[in-house]
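1. sequence first, then the predicted structure:
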Amino acid sequence: FQKAFSKCKFIVLGGEKYPPALLPQVKELAPSARLFNTYGPTEISVSCNGKELTHANRITIGKPLLNVKEYVVDDDLNELPVGVTGELLIGGLGVSAGYNDLPEKTAEAFIDYYGERCYKSGDYAYWNADGEVVILGRKDHQIKLNGLRIELGEVETVLNKQHQVKEGVVMIKSVNGHDHLVAYYTIRENVDENTLKAQMATSLTDYMVPTIFMQLDKMPISPNGKTDLKALPEPVMKNESADDTAPRELNYLEKKLAALVSGILETDDISITSPLRRSGLTSLLSIKLAAQLYKQFGIKMNVKELASGSILDIEDAVLVKTFENNSDNSHSDKPVVSAQPSLTSAPLSYSQLGVFTECMIHPEDVQYNLPNCLTMPQGVTSLQITNALKAVLAAHPYLNTRLQNDDNGDDPERDRNRGLDPFRSRRTDGEVT
């Protein structure tokens, strides 16, 4: 095959994302061939973009072909400038009439844009400075992990750019009841997991680096020749206790901290020296751990630093806090801490500001709403329910917190001054709901 391949004059690839590691291989096997990358969904009659890669070092799908018009738009169908990511719309002579006997799906995927019929590709893309389209991945591959948006295609691209990786895919998988970003990959040369994580961390923000890496002998392939994602093995959280270079019996504090962390992660595979992220400590679990550390040991730890730190780091913080407490108790003139008046308003925390911003950008989303319906037995009046709810709010004032902009109309803040909105109830079939 390689002998025949080396005699090719034109090599045109399409149908799948062009792996960055494949380009130098093809150039080496067929040094005299002209290489092309093509792109196009079936809905627009196969191909709509093309790019010659013979002398290229970076892979794109190139410019639109003749009789093709393309747009990169946001969720409101506003055109986006060069370098800004959005969904790729494809118009032109090749756009199909729609899906046979599927009018609803057709109406959703094919729209009128600037007076011409366009197909919503579902691909995230952006224009580069040369007028070429760069595809980042599927729109339906954008997921949320711990409240943070992650584009799986972007993480996969970084994984496949590592020279030791032959092929890789990234998925969300549940381990011990918690969601994790899992990287499945095959290798062209030996590489340990920590090295791969460190290399990816140079190109990705911390929360986008996979917490579990699964090296495979080969990727499972479906009958149509694509990676069979359903056949990938279940991820396993590796026991890194072997990383402890000097195994020893844990002291009392280390055992207590290890038990606390194990309980939160729901696993006994914990190393006291390795970063807790490798054991599966996500951002949400970090918040839970920080709360328990404050409750049990009186220490305040940075949530972001918890995942990158180890149990030994937590032990150091506990010992420092203990030393400070003992030092303070040795002074007889220790000031008495008095209760402070309750604030009527306060700035948002970073996590609250993130939720607020997300809701402003995507007001149609209801992911932060938790609707529920309770049916009361006959005899319960709406006044009783209202009084009960008011009693709960009086006992827990924070439940009455609402967000509003400050006097300058800038940063939102938490405000407890405003009164309650009237409670509303309705009666159906003799029951108050």
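-> Nice, I can see it. Nothing here was measured: the structure is a model prediction, and the numbers come from that model. Numbers count the residues shown, from 1 in each chain.

2. C-alpha only now, for contacts and for neighbours.
-> Will do.

3. where along the stretch 101-250 of the chain do the strands fall?
-> 110-113, 116-127, 133-138, 142-145, 148-151, 165-175, 178-187, 212-215 (DSSP state E, counting those that start in this stretch).

4. any stretches of the stretch 251-400 of the chain with poor pLDDT?
-> Where the stretch 251-400 of the chain drops to pLDDT under 70, the residues are 269, 278, 327-344, 350.

5. the helices in it, which residues?
-> Secondary structure of the stretch 251-400 of the chain (DSSP state H, counting those that start in this stretch): helices located at 252-265, 283-297, 303-308, 311-329, 350-361, 382-395.

6. roughly how far does the most centrally placed residue in the chain sit from residue 181?
-> Note on the chain: the residue nearest the mean C-alpha position is residue 150, at 3.0 Å, using C-alpha atoms, centre = their mean. Residue 150 is 10 Å from residue 181, where distance means C-alpha to C-alpha, to the nearest Å.

7. and residue 160, by the same measure?
-> Taking C-alpha to C-alpha, one finds residue 160 at 15 Å from residue 181.

8. do residue 233 as well
-> Taking C-alpha to C-alpha as the measure, residue 233 and residue 181 are separated by 14 Å.

9. of these two, who's got more company?
-> Between residue 233 and residue 181, counted using other C-alpha atoms under 10 Å, residue 181 has the larger neighbour count: 24 against 11.

10. just checking, the more buried one touches residue 172?
-> Yes - contact criterion C-alpha atoms under 8 Å: residue 181 and residue 172 qualify, at 4.9 Å.

11. shared neighbours, residue 150 and residue 181?
-> Residues touching both residue 150 and residue 181 (C-alpha atoms under 8 Å, 6 or more residues apart in numbering) are residue 208.

12. count the residues that sit near residue 272.
-> Residue 272 has 23 neighbouring residues, counting by other C-alpha under 10 Å.

13. isn't it up against residue 315?
-> No - here residue 272 does not reach residue 315: they are 9.6 Å apart, not a contact under C-alpha under 8 Å.

14. quickly list what's touching both of these two.
-> Here residue 272 and residue 315 share the contacting residues residue 254, scored by C-alpha under 8 Å, 6+ apart.

15. export the helices of the stretch 251-400 of the chain to CSV and tack on distance to residue 212 and mean neighbour count?
-> Converted to CSV, those look like this (distance: least, C-alpha to C-alpha, whole Å; neighbours: other C-alpha atoms under 10 Å):
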stretch, distance to residue 212, mean neighbour count
helix 252-265, 14, 16
helix 283-297, 15, 16
helix 303-308, 14, 18
helix 311-329, 19, 14
helix 350-361, 25, 13
helix 382-395, 43, 13
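
16. figure out which of these is closest to residue 124.
-> Of all the helices of the stretch 251-400 of the chain, helix 350-361 sits nearest to residue 124, with 17.7 Å by C-alpha to C-alpha.

17. one step back: residue 43 is nearest to which of the helices of the stretch 251-400 of the chain?
-> From these, taking C-alpha to C-alpha, the stretch that ends up closest is helix 350-361, at 30.3 Å.

18. summarise which helices and strands the closest one is packed against.
-> The contact analysis (3 or more C-alpha pairs under 8 Å, 6 or more residues apart in numbering; DSSP states H and E) places helix 350-361 against no helix or strand.

19. let's see the pLDDT reported for residue 413.
-> Per-residue pLDDT puts residue 413 at 58.

20. returning to what we had before: lowest mean pLDDT across the strands of the stretch 101-250 of the chain, which one is that?
-> Note on the strands of the stretch 101-250 of the chain: strand 142-145 shows the lowest mean pLDDT, a mean of 66.
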